[in-house]
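In: Structure for this input, please:
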Amino acid sequence: MDRKQLERKADTIEMVLSQHQTPAQVTGGNVTPRWVQFLAQPGPGVNAGRVESLSREIAVALGVPYATVTRQGGAVRIDVPRSDPQPVTLAGLIERIPLSRVPQCTGMVGLADDGTPLLARFPAADVGHILISGKAGSGKTSLIIAMLLSLAHYNKPRHVQIVAMGAGLDGLRSLPHMLDVDELQRLIARPATDPKIIVAVDEPRAAVLPQLRAIIQRGAAVGVHCIIAAREPLDLPVNVKITADRQPGDFWADAARSGAVIRFDAAHIATHEIGSFIQSLK
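Out: Down below sits the predicted model:
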């Protein structure tokens, strides 16, 4: 997307806002693999909330299915989906951050909407456990897979081990970090906190939820952390909740303790690349 295209879109946004007696000037922006972001400064006396109410009109004028408008102080940010979205590859993100810069038990999550890689350090007090929710096809399983593979990339098996539950994660069984699910109860009862254990559950059955709740309540104290993906938000006491957005691979992360809410594009690895990725770890 070249500069002239971006300028035309910015002019269109300003025109729409002016037509609706909500003048604003586009002062900057950012292009991410899946979004074009415009920062607009409302004119004197113009309420930023009025700009938010015109998201549909902006989308129609730009010829896109929708636009998202959020306040940023006295300004507003207008996010428009790209017509040529690019995947945020796990390999590309890993290349940007060397092993020496990643703390132990940290996994790659994706690319934040400001263009910076987003990682999760599970032992951190504001992380601990992660719940991912979204409808079928939203990219939940793909996100878990990318997180687990990045954990395996950045951590040796003596530091991090993984328990995976759910058919969607069967392709990871040959990871050298993998533990048998039957060992889970023993691990929860252990007094030690190393190695760290990541329990990944894709679409948990109702019968498993009490066990997951027990793991979450005690797990962090003994170095056991959960990543859970479900179609509906589950009532589990996790610190980080990730919710799918409108397009597959787009998510919002809400960290309850820190109050941070981050929009991001999930890290992705193609199914046919998983085997070679695991082989490179071995």
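
In: In the stretch 101-250 of the chain, what residue spans correspond to helices?
Out: Here the stretch 101-250 of the chain has its helices, by DSSP state H, counting those that start in this stretch, at 140-154, 184-189, 209-219.

In: And the ones you listed, which one averages the lowest pLDDT?
Out: Lowest mean pLDDT within these: helix 184-189, at a mean of 74.

In: follow-up on the earlier one: out of the helices of the stretch 101-250 of the chain, indicate the one that is most buried.
Out: Greatest average neighbour count among the helices of the stretch 101-250 of the chain goes to helix 140-154 (a mean of 24), per mean count of other CB atoms under 10 Å. Heads up, the C-betas are built off the backbone N, CA and C, glycines and all.

In: which strands and helices sit next to it?
Out: On a contact count with 3 or more CB pairs under 8 Å, 6 or more residues apart in numbering; DSSP states H and E, helix 140-154 meets helix 90-96, strand 106-112, strand 130-133, strand 160-165, strand 196-202, strand 224-230, strand 260-266, helix 271-281.

In: Show me what the last one is in contact with.
Out: Outside helix 271-281, the residues within contact range by CB atoms under 8 Å, 6 or more residues apart in numbering are Leu90, Ala91, Ile145, Leu149, Ala152, His153, Gly171, Leu172, Ser174, Leu175, Pro176, Ile269.

In: one step back: dump the helices of the stretch 101-250 of the chain to CSV, plus distance to Gln104.
Out: Putting the helices of the stretch 101-250 of the chain into CSV (distance: least, CB to CB, whole Å) gives the following:
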stretch, distance to Gln104
helix 140-154, 8
helix 184-189, 17
helix 209-219, 17
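
In: Kindly state which of these is positioned closest to Gly49.
Out: Closest of the helices of the stretch 101-250 of the chain to Gly49 is helix 140-154, at 32.2 Å (criterion: CB to CB).

In: what's the angle between the closest one and strand 260-266?
Out: Counting by axes from the mean of the first three to the mean of the last three CA atoms, to 10 degrees, helix 140-154 lies at 90 degrees to strand 260-266.

In: roughly how far out does helix 140-154 sit from the chain middle?
Out: Distance of helix 140-154 from its chain centroid, counting by CA atoms, centre = their mean, to the nearest Å, is 11 Å.

In: and what of stretch 169-178?
Out: Centroid separation for stretch 169-178 versus its chain: 22 Å, with CA atoms, centre = their mean.

In: which residues are contacting it?
Out: 141, 144-145, 148-149, 151-152, 155, 157, 160-164, 200, 202, 271, 274-275, 278, 281-282.

In: any weak-confidence spans in the chain?
Out: For the chain, the stretches with pLDDT under 70 are 1.

In: can you list the domains in this protein?
Out: Annotated domains of the chain cover 3-81, 90-281 [automatic domain parsing].

In: tally of neighbours for Pro23?
Out: Neighbour count for Pro23, taken as other CB atoms under 10 Å: 17.

In: who are the neighbours in contact with it?
Out: Residues near Pro23 by CB under 8 Å, 6+ apart: Glu14, Leu17, Pro42, Gly43, Val46.

In: Return the alpha-carbon coordinates of the biggest helix by length in the chain using CSV.
Out: Secondary structure assigned by DSSP state H gives helix 3-19 as the longest helix of the chain. Extracted in CSV, the C-alpha atoms of helix 3-19 (Å, rounded to 0.1, in the frame of the first residue of the first chain):
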residue,chain,number,x,y,z
ARG,A,3,1.6,6.7,0.3
LYS,A,4,-0.9,8.0,-2.3
GLN,A,5,-3.4,5.3,-1.5
LEU,A,6,-3.1,6.1,2.2
GLU,A,7,-3.6,9.8,1.5
ARG,A,8,-6.7,9.1,-0.5
LYS,A,9,-8.1,7.1,2.3
ALA,A,10,-7.3,9.8,4.8
ASP,A,11,-9.0,12.4,2.6
THR,A,12,-12.1,10.2,2.4
ILE,A,13,-12.3,9.9,6.1
GLU,A,14,-12.0,13.7,6.5
MET,A,15,-14.7,14.2,3.9
VAL,A,16,-17.1,11.8,5.6
LEU,A,17,-16.6,13.4,9.0
SER,A,18,-17.1,16.9,7.5
GLN,A,19,-20.3,15.8,5.8
